[in-house]
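Enquirer: predicted model and sequence below, questions to follow.
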Amino acid sequence: MQDVRDSMAKGDISKKDKVEAAIGAVCANEKLSSREKKVCYYIDPIKRSVAQPFSTGIPAERVCKRINQSNPEICTVKFPIKTEKMEKKDLTKLRVKQLKSILGDRGVECKGCIEKEEFIKKVEDTAHLDSEF
């Protein structure tokens, strides 16, 4: 949703039809990731109900919560955690589930890992694999 807002002129953000056109333009981009395409798939039929709160200047997170009542699948699309430039102190703030997700995105399993510190060590050891994706 932030991509839509960034692609629009400031004067057009308050116009619903311009917001709908911008959503369509962003979703028509061929360079979207599979997760972004999935979000577009869910948003396309309800563009008008997304454009209404969006045009009033509500932040993207609140728009997601508002449309969650009519289409709960949109907010369930999970995007990968960005790990570049992440330090160990940042990794310690993540949950084990998120650390497992990072390893899964890299195609690595942490067999025998039980403690959170073991997962953090494995994420740090496989940091070079992150740049390949």
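Expert: Cool, got the structure. Residues are numbered from 1 along each chain as shown.

Enquirer: what sits against the residue nearest to Cys113 when sequence neighbours are not counted?
Expert: In space, and not counting its chain neighbours, Cys113 is closest to Phe119: 5.3 Å by CB to CB, 6 or more residues apart in numbering. C-beta here means a position set from N, CA and C on the backbone, and glycine is covered the same way. Residues in contact with Phe119 (CB atoms under 8 Å, 6 or more residues apart in numbering) are Val96, Leu99, Lys100, Leu103, Cys110, Cys113.

Enquirer: same question for Gln52.
Expert: Per CB under 8 Å, 6+ apart, neighbours of Gln52: Lys16.

Enquirer: Arg62 now?
Expert: Taking CB under 8 Å, 6+ apart, one finds Pro53 in contact with Arg62.

Enquirer: and the host helix or strand of Ile102, what does it pack onto?
Expert: Assessed by DSSP states H and E, Ile102 sits inside helix 96-106. Applying 3 or more CB pairs under 8 Å, 6 or more residues apart in numbering; DSSP states H and E, one finds that helix 96-106 makes contact with helix 116-125.

Enquirer: try 10 Å this time
Expert: When contacts are defined as 3 or more CB pairs under 10 Å, 6 or more residues apart in numbering; DSSP states H and E, helix 96-106 sits against helix 88-91, helix 116-125, helix 127-130.

Enquirer: mean confidence for the second one?
Expert: It stands for helix 116-125. Average pLDDT, helix 116-125: 89.

Enquirer: equivalent analysis for stretch 58-70, please.
Expert: pLDDT averaged over stretch 58-70 gives 76.

Enquirer: name the residues of it that are buried.
Expert: Neighbour counts over stretch 58-70 (16 or more other CB atoms under 10 Å) mark Val63, Cys64, Ile67 as buried.

Enquirer: any idea how far that stretch is from the chain center?
Expert: Centroid displacement of stretch 58-70 relative to its chain, using CA atoms, centre = their mean, to the nearest Å, is 14 Å.

Enquirer: I figured Met8 hits Ala22, correct?
Expert: Yes. Using CB atoms under 10 Å as the test, Met8 is close enough to Ala22 to be in contact (5.0 Å).
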